[in-house]
Structure formats: C-alpha cells, structure tokens
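Undergrad: predicted model, plus sequence, below.
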Amino acid sequence: MSFGHCDNAVLTEQLTFAKRVKDRLYKSFGHIPLACVITFGCQQNVSDSEHLKGLLCEMGYSLTDDTEKADFIIFNTCAVREHAEDRVYGNIGRVKQLKKDNPALIAAVCGCMAQQETVAEKIKKSYPYIDIVFGTQVSHRLPEFIYKRLCGSPRIFELKQDNGDIIENVPVKRDGKLKGWLPIMYGCNNFCTYCIVPYVRGRERSRDPEKILEEARAMVAAGYKDITLLGQNVNSYGKGCTHGVTFAELLRRINDIEGEFRIRFMTSHPKDCTVELLDTIRDCKKISRHLHLPFQSGSDRILKLMNRHYDRKGYLELIKASKERIPDLALTSDIIVGFPGETYEDFKETLSLVEQVRFTSLFTFIYSPRGGTPAAIMEDPVSRKEKGEWFDELLRLQEGIASENIKALLGKTFRVLCDDFGSAEGLMSGHTAGTAVVEFEGDSSLLGEFLDVEITSYENVFKGKIIN
Ligand code: 5AD
Ligand code: SF4
C-alpha cells in the first residue's frame, strides 16, 4: 500500500466530537436538531454528501430537505464549471435570511469550490453568516468543526490539503436503498488543461481492495442491487500501490460476490482503458453493459492542447474493440465545445466522431475557464455566441442519432432492475444493464426485482411489458 490508509485514530477522534455535539444539542434544543445537506455537481459529491449525512446522524441530527426547518445547513459545492459556482453563490446568499429566522442555525460550505483559496476569501469577506468552510480532504472532520463552532469558536476555514490519507469507515447514510455509490479512489493525476479537479481534489489515491470488497459485500447483504464504483479515472485504480490489483481484477472480485446485483463504474479515461477491462466487462455477467468514455474533442490538435494523451485514431480503435467484444454495449461520452483556440474545422472533427461512434447519449459542455488551470490563460478568440451555435449543432446531430438508437431497442427484451415508481399510477420503472429506462405495469412489490421486460414503444421514456 503506498498511501497511508489511516488507522482509526482519526475517525475515533471525530466520533468523540460527534458524541459531544449530540450531548450539547440535546441539552440546548427542545427538539431533535435537523440538518439539511445540499449537493451540487457530480456523483462523487453525491457520495461525499452521503458520508456527511452519516456523520450528521452520528451527531444526533435528523435529515431534512427543508432549509427553513434546518438547524444546520451545508452546501457541498462543485467547481467544474462557472455556472455551478454561480448557482452556489445564489444559494448561500439565502442563508442570511434563514439566520434571521433561526439565529441558532449553523451554515457550512464544503466541496470542490470551497477548496479554492479565492472562493474561501470571498466567503470570508462577503458572506459573514457562513460559519464553516472546509475543503474536500477534511470532510471527515465535520463533527470537530460543528463542535468548535457550537462552543463559540470564531468562523472556521479549513482548506488544508491532507497528506493523502484515506479515512476508512466514515459513517454513511445512503440516499437510496437499491442503488448505491461506492468510491474506489479519490483525486486525479491527469491535469487535463481545462480541468480544476486535480487542484481541488488532490492526487490520485486508491482505496485498499479488501476495504472495497468488504463494503460491496455489506451493500449486497443490505439489499443493494445496483452498485456504482466511483473515481475520476477508475481505469488507473491501484496504480502506484503494492497490492497489484488492477481495476479489471477489482471488478472480477466484486462480480464474484454471491447474489443478483449490478456493477456500474465511472469515469473511464480512454488513455487507461485496457483490453483486459473490455474482456472483463464481456465475461462478468454482473457488470453493466455500459461504458462512459469521455473523448472531449474529435480533433487531435485540441486533444493535445487538452493534455488528454490519446488521439482520435486510438479512441476509435478502442470503441471498435469494445463494440466487437460487447455488442450490446451502451456508449456514452463527455464533450467540451469551444476549448480555447478551437476552430470550426476542429469542431467538425468532433461532429464526425459523434456521427461515427453513434453514442447512446452525450454530456456536452461549453468550455468554461477555470482560474489556475493552463487553459484559462490560452487565447480564446471564438465568441460565446459562436460556441453556442456549435453546441446547438452538436445537440441536433445527437438527437437524430439518439432517435435511431431508440428505434433499435424496440421489440427487444432486456433484464431490467425495477428501481422506482413510474410516471403514472399503476406503472413502475427500471433500468436495463445499459442506460435505458423502461416503464411497465406493476406495483411497489416489484421494487428491487430483476425482470425480463420487452420494450414495446417509446413516449419520452421506453414502455414495455414484463414477460416472466
Ligand atoms: N469547462 C467545460 N467542461 C468541463 N469539464 C471539465 N472541466 C470543464 C471546463 N472547464 C467537463 C468534461 C468532463 C466533465 C465531467 O466536465 O467534459 O469530462
Ligand atoms: Fe479532470 Fe481530466 Fe482528471 Fe477527468 S481525468 S477529473 S477531466 S483532469
């Protein structure tokens, strides 16, 4: 193991703080204290918030979605694009009024945005009613921060990047009962030139495979049927560690756990996606037939400027290899439109790649400069308006492809996990092993069941009938 997997002393200390918070809150409140966790951004943040919720429950809080009832409110923020940051500022501005109505309210901001010095400074100066600000690598210390603030400590700003320790066994309160997130690694080493993530989440650190397996087994035993392994680049899982377990091997070991459940994972960086991984998806029945493989741009010139370490040809070969091995594979991707210096000629390369691969769905973004990243100081002559027009062109292309993909699924039968209620009375909904959502007749007794469903039509969502 190359990273100090922290022994439990750090956690024990925090659980002691949690107990102190609990004692103190019960003394000072006439009601059960309520906490509200508001999450922005990616699945990693959703998973982090589930751990914040776990810690809050340890502290005696019950959870609420109602900001007006909350005694503690925390914003778990995202910094990946400017739009995400703007939304956070709008939201934290509302805390001023909430505090007028409830002077005992404690408010915190954490996550990727809070990890940036400039943001922390802005909150310090312009949002004096925010009590606690902390970065991505110290979130297990939430009990300590709340306790100190309850005891009258000055406002807390804790941005320090830790030494890379992974704190295991932090309590977790998962949002769902059937579908659950399972982080296998943290941070990123790739430094794509547009991306803030390596700066705010620190260097790549992989969890110990035994700890991951232990958690996966516990999730399966608790009834989880759909487990998504999380990491910024899951394909580099285990790099630099002495245990020698690759991502593909980790998948195989999770696949060996008894029971009917599904394994998903994200995100895969194309530069580290191996044939071993593709073979593993093909061979392991519990692994979903889905690969999210962001290519960002179809132009080799732009890929170089982005520091992506693969080219168009290599990416297309990878797609070919995956389709050959796994014919029913759902392919999805991320694309950035309007990277600094991108010309319409470059953008056409993106369009032609989309045309060629025929992705099931795409996550498309207009480039957003992030302070401190190399791309933020590159020349960017194309106007926002023009980038918007390119973006719309890409969406139109993908709409046509998606409707063809939809037609191709009609009449086919899929194994579907019933995981939600449908859009109307008497309907339930579920996911295929790819990414399709299907509605069919049934009631709540089907929740958590795997069913064979034939897809009969498409009306905003697939409609189908159970055939077993
Ligand atoms: N601007 C626009 N999109 C970005 N992404 C990451 N950084 C930026 C940025 N600065 C997109 C990438 C990534 C996804 C999670 O967000 O496509 O894969
Ligand atoms: Fe950002 Fe690139 Fe790391 Fe993904 S792989 S988190 S895009 S730096």
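TA: Yep, that arrived. Ligands and ions are numbered 1, 2, ... in the order given.
Undergrad: now do the helices in the stretch 251-400 of the chain.
TA: 275-283, 300-306, 312-325, 344-357, 384-409 (DSSP state H, counting those that start in this stretch).
Undergrad: can the third one be said to contact ligand 1?
TA: No: Helix 312-325 stays clear of ligand 1 (CB under 6 Å from any ligand atom), getting no nearer than 13.7 Å. Glycine gets a C-beta too; all of them are placed from N, C-alpha and C.
Undergrad: which strand or helix spans the closest residue to residue 151 other than its chain neighbours?
TA: Nearest in space to residue 151, with sequence neighbours left out and distances taken as CB to CB, 6 or more residues apart in numbering, is residue 24 at 8.0 Å. Using DSSP states H and E, residue 24 sits within helix 9-28.
Undergrad: quick one: list the elements packing against that helix.
TA: Counting contacts by 3 or more CB pairs under 8 Å, 6 or more residues apart in numbering; DSSP states H and E, helix 9-28 is packed against helix 43-58, helix 142-150.
Undergrad: so can I have TSV of those helices showing mean pLDDT?
TA: Output for the helices and strands packed on helix 9-28, formatted as TSV (pLDDT from 0 to 100):
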stretch	mean pLDDT
helix 43-58	97
helix 142-150	97
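Undergrad: got the ones you listed as a markdown table, with distance to residue 159 columns?
TA: Output for the helices and strands packed on helix 9-28, formatted as a markdown table (distance: least, CB to CB, whole Å):
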| stretch | distance to residue 159 |
| --- | --- |
| helix 43-58 | 16 |
| helix 142-150 | 12 |
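Undergrad: possible to save those as a markdown table with mean neighbour count and distance to ligand 2?
TA: Listed next are these as a markdown table, based on neighbours: other CB atoms under 10 Å; distance: least, CB to the nearest ligand atom, whole Å:
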| stretch | mean neighbour count | distance to ligand 2 |
| --- | --- | --- |
| helix 43-58 | 21 | 9 |
| helix 142-150 | 22 | 24 |
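Undergrad: and those: which comes nearest ligand 1?
TA: helix 43-58 (10.1 Å; CB to the nearest ligand atom).
Undergrad: now do the closest one: distance to the chain's middle.
TA: 13 Å (CA atoms, centre = their mean, to the nearest Å).
Undergrad: could you shift the numbering so residue one becomes 57, and keep it that way?
TA: Let's use 57 as the start, then, which means that last one is helix 99-114.
Undergrad: tell me the contacts of the residue lying closest to residue 503 once chain neighbours are set aside?
TA: Excluding its sequence neighbours, the residue lying closest to residue 503 (CB to CB, 6+ apart) is residue 474, at 5.7 Å. Residue 474 is in contact with 484, 485, 486, 498, 502, 503, 504, 505, 506, 507, counting by CB atoms under 8 Å, 6 or more residues apart in numbering.
Undergrad: widest-spaced pair of those?
TA: The distance between the two most remote of the contacts of residue 474 (CB to CB) is 13.9 Å, for 485 and 506.
Undergrad: the helix or strand where the residue nearest to residue 503 lies pairs with which strands, parallel or anti?
TA: Using DSSP H and E, residue 474 maps to strand 469-477. Its sheet considered, strand 469-477 pairs with strand 483-487 (antiparallel), strand 506-515 (antiparallel) by DSSP bridges.
Undergrad: how about it: buried residues?
TA: Within strand 469-477, the residues scored as buried using 16 or more other CB atoms under 10 Å are 470, 471, 472, 473, 474, 475, 476, 477.
Undergrad: go through those and name the one nearest residue 442.
TA: Ranked by distance to residue 442 (CB to CB), the buried residues of strand 469-477 are led by residue 476 at 40.1 Å.
Undergrad: name the nearest residue to that closest one, sequence neighbours excluded.
TA: Among residues not flanking residue 476 along the chain, residue 485 sits closest, at 4.6 Å (CB to CB, 6+ apart).
Undergrad: residue numbers of this structure in contact with ligand 1?
TA: So the chain meets ligand 1 at 136, 137, 250, 251, 350, 352, 390, 392, 421, 423, 424, 426 (CB under 6 Å from any ligand atom).
Undergrad: only whichever of the residues you listed are buried, select them in ChimeraX.
TA: Restricted to buried positions by 16+ other CB under 10 Å, the ChimeraX selection for these reads:
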select :136,137,250,251,350,352,392,421,423,424,426
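Undergrad: turn the residues of the chain next to ligand 1 into a markdown table, including distance to residue 210 and pLDDT.
TA: Shown next, in a markdown table, are these (distance: CB to CB, whole Å; pLDDT from 0 to 100):
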| residue | distance to residue 210 | pLDDT |
| --- | --- | --- |
| 136 | 31 | 95 |
| 137 | 32 | 94 |
| 250 | 37 | 98 |
| 251 | 34 | 97 |
| 350 | 42 | 98 |
| 352 | 43 | 98 |
| 390 | 41 | 98 |
| 392 | 41 | 98 |
| 421 | 39 | 98 |
| 423 | 39 | 98 |
| 424 | 34 | 97 |
| 426 | 30 | 97 |
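Undergrad: and the two most separated of the residues of the chain next to ligand 1?
TA: Pairwise distances across the residues of the chain next to ligand 1 peak at 16.6 Å for 350 and 426 (criterion: CB to CB).
Undergrad: what's in contact with stretch 109-117?
TA: Contact with stretch 109-117 is made by 70-71, 74-75, 77-78, 81-82, 88-91, 93, 119, 127-128, 196, 198-199, 202, 226-229, as judged by CB under 8 Å, 6+ apart.
Undergrad: quick revisit: please identify the most buried of the strands paired with strand 469-477.
TA: Of all those, strand 483-487 has the most neighbours on average by mean count of other CB atoms under 10 Å, namely a mean of 22.
Undergrad: low pLDDT regions in this structure?
TA: The chain contains residues with pLDDT under 70 at 57-63, 218-219.
Undergrad: quick check: residues of this structure near ligand 2?
TA: Going by CB under 6 Å from any ligand atom, the residues of the chain near ligand 2 are 244, 246, 247, 248, 251, 253, 254, 288, 289, 325.
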